[in-house]
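S.K.: Sharing a model prediction with you, sequence too.
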Amino acid sequence: MDERKGPGEEEEEETGERVALEEEEEEEEAGDGFQVVLGKKKKRPSGQDGGSASGPGSGTMMAKDKAAAEPWTKAKVPFHDPSIPRPQDVYAIRVNNYTPFQHVWLEHTEDGSRRPIHPLEKLPVEQLIDRNVPEFEPVKPADLEDTPFTLVEDKNGLADLAKKLKSVNEFAVDLEHNQYRSFQGLTCLMQISTRTEDFVVDTLKLRIFIGLYLKEHFKDPTKRKVMHGADRDIMWLQRDFHIYVCNLFDTGQASRVLQMERNSLEHLLSHLCGVTANKEYQTADWRSRPLSDAMIKYAREDTHYLLYMYDLMKLRLRNESTAENDLLLEVQKRSNEICLQLYEKELLTDTSYLHIYGLQEHDLDAEQLAIVYALHQWRDYIAREEDESTGYVLPNKALIEIAKKMPTNTTELKRIVKSKYPFVDEYLEQIVEIIRNATESSYVFESRAEQLKKERLEQLGDRVQTISSPEMKTSLTLSGLVRPMDKEILNDNNNIHQQAAHATFQELKRPIALGALGENLTSAGQRDFFGEFSNKQAEKMEKAKTYPAFYYPHLPQYHNEVGHDFQSINRTSAGTEQPPAGNERGFQNPRRHQSFPPSGDNK
């Protein structure tokens, strides 16, 4: 849900920095931050066996015990449990992080653009509005304990759920997501509630079957889907399951149209349903298996009351509408706009590094900015190749700190990062070489560094002006006021990006050498500061173009032309091509395809 899923593109970066910060706080107990990240064995209280993130003996219980001993310490559920093996390894989830996302189950325009056509585009908005007046006041649903519940973990359960959804004309939906240990993120749970039952679907175990069983119900315009803050959920449904939603009522948008005091689900549950939500699991690590009773309860609460809230809000919207201001129509338009968004995979561009969160707060010279550019491309490639989040490979804060201090050897580099990041520790020598090559070609970044300095001074001036305005003081945060880079600046034609301005879809073929960014450089000065790394990335990109997306002979309704972005399982038994394996790049990675942490450390 929107209010609990972080600030967009910065979410997994801030998550990485948050993990690092918590590891620093735990160093005295754990020995060092590197052990915490790797999940190496530590002394545990008796009875602790490395269970789920919120089960007996888990980090959650430890936090609660600590809070009981120290009343001033706030108990919390860890949002990242390093002892949980990656779902990609456990469930053989394969992803392609290189080529653009294909909306293969949608119709496409017949012109040259071949634009995907969302099924909602063909439906008039008025057709989706329910203006029926109920005969009775809405009835609050039964308590969770008195409502039938099903945890869906296999295909039979999924088929039963699909049959029940066929018989209803409305259902509530929510998703739980994990962004930290995968490049694009993973949908971990799907919660669905009807008027009489609750369901929690394990979307990690059933990932390749979700779309097959449920996509028609989500697309059916005669069935109302009620969600809260659905912006990201809509994207995740498309990305992971190729599910497209028609006929959405977003309670978050309804609360805005009604100008309610607050728009969070927590507030709506309290204000409309008299339910106090337990937000302890708001940022829990939803990869955890098996799910604890507390996590299931939290997940159910997110959808259990949504249909009742829809009833109440629909009545109020109808009653407060006028001939000139149709509030029901406004909510439907806003909900449709959310559904009509189409997921796009993040692509690496020549200016991507300029969007690093917090970059403009630092006064970086040309050498430091060149290092930021080089490390950003290295981090992006490692994250895509290993299917890790960039925040796990190297958080923004650490990347900028390295660039500012410009280490010249591995000892200095280790002192800066404190060996908390496994991939940095693995590639220490290569990173130092990248830094060295970047500084030697840094003069091509002089113009950009000056431009950023100018932008920073303008922001400081805006900040001072804002502070002097009493009514705007509350809008400031401790991190300062950061605004997006001006479009004119991002698209300027200075000597740094003259050759790259038109190459939007070519960047992924190989990291751009610093020498290629300036027209006045001689061939001798054109450095590929990634070395063999670049050639291997180019080969990887070419393979990705012809790499079959997935093929499931046991699912006749699937077609082998469905695009690169769906995940395959058991390719060997299917008799199809294996994903490019092992060490196809210059760097050696002995830990690749191994569960994380190693099984020996997870006892």
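M.R.: Alright, I've got the coordinates.
S.K.: Which residue is the nearest non-sequential neighbour of Leu340?
M.R.: His118 (5.3 Å; CB to CB, 6 or more residues apart in numbering). (C-beta placed from N, C-alpha, C; glycine too.)
S.K.: For that neighbour, grab the count of nearby residues.
M.R.: Using other CB atoms under 10 Å, His118 has 21 neighbouring residues.
S.K.: Am I right that it is in contact with Leu342?
M.R.: Yes - the pair His118 / Leu342 is scored as a contact, 6.7 Å apart, by CB atoms under 8 Å.
S.K.: just to revisit the earlier point, list the residues that contact the residue nearest to Leu340.
M.R.: Taking CB atoms under 8 Å, 6 or more residues apart in numbering, we find His118 in contact with 106, 244, 339-340, 342.
S.K.: Strands along the stretch 51-200 of the chain, start to end?
M.R.: 107-108, 116-117, 149-152, 170-178, 186-193, 198-202 (DSSP state E, counting those that start in this stretch).
S.K.: May I see these organised as a markdown table, with distance to Glu429 and mean pLDDT added?
M.R.: Listed next are these as a markdown table, based on distance: least, CB to CB, whole Å; pLDDT from 0 to 100:
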| stretch | distance to Glu429 | mean pLDDT |
| --- | --- | --- |
| strand 107-108 | 47 | 93 |
| strand 116-117 | 45 | 94 |
| strand 149-152 | 48 | 98 |
| strand 170-178 | 32 | 97 |
| strand 186-193 | 32 | 98 |
| strand 198-202 | 42 | 98 |
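S.K.: which stretch among the ones you listed comes nearest Glu367?
M.R.: Comparing the strands of the stretch 51-200 of the chain against Glu367 with CB to CB, the closest turns out to be strand 170-178 (36.6 Å).
S.K.: Describe which strands that closest one pairs with in its sheet and in which direction.
M.R.: On the basis of DSSP bridges, the sheet neighbours of strand 170-178 come out as strand 186-193 (antiparallel), strand 224-227 (parallel).
S.K.: for the first one, which positions count as buried?
M.R.: Okay, so that is strand 186-193. Applying a neighbour-count criterion of 16 or more other CB atoms under 10 Å, one finds 186-193 buried in strand 186-193.
S.K.: so which of those residues comes closest to Lys414?
M.R.: Using CB to CB, the buried residues of strand 186-193 come closest to Lys414 at Leu186, 30.9 Å.
S.K.: And the closest one, how far from Val125?
M.R.: 33 Å (CB to CB, to the nearest Å).
S.K.: Could you do Val372 as well?
M.R.: 45 Å.
S.K.: repeat for Glu266
M.R.: 30 Å.
S.K.: any idea which of the contacts of His118 has the most stuff around it?
M.R.: Highest count within the contacts of His118 by other CB under 10 Å belongs to Cys339, 25 neighbours.
S.K.: Enumerate every residue touching that residue.
M.R.: 118, 120, 230, 234, 244-246, 248.
S.K.: Most neighbours among those, please name it.
M.R.: Ala230 (28 neighbours).
S.K.: mind pulling up the phi and psi values for that one?
M.R.: When read as degrees, to the nearest 10, the backbone of Ala230 gives phi -90, psi 0.
S.K.: thinking it is in contact with Thr251, fair?
M.R.: No - here Ala230 lies out of contact with Thr251, judged by CB under 8 Å, at a distance of 9.1 Å.
S.K.: domain assignment for this protein?
M.R.: 2-85, 142-339, 352-538 (automatic domain parsing).
S.K.: start to end distance for the longest one?
M.R.: Read that as domain 142-339. 30 Å (CA to CA, to the nearest Å).
S.K.: repeat for stretch 273-292
M.R.: Length of stretch 273-292, first residue to last, CA to CA: 25 Å.
S.K.: Next, find the distance separating the closest residue in space to Gly211 that isn't next to it in sequence from Leu206.
M.R.: Spatial nearest neighbour of Gly211, chain neighbours left out: Phe241 (4.0 Å); criterion: CB to CB, 6+ apart. As defined by CB to CB, Phe241 lies at a distance of 10 Å from Leu206.
S.K.: can you check Phe445 too?
M.R.: Going from Phe445 to Leu206 by CB to CB gives 48 Å.
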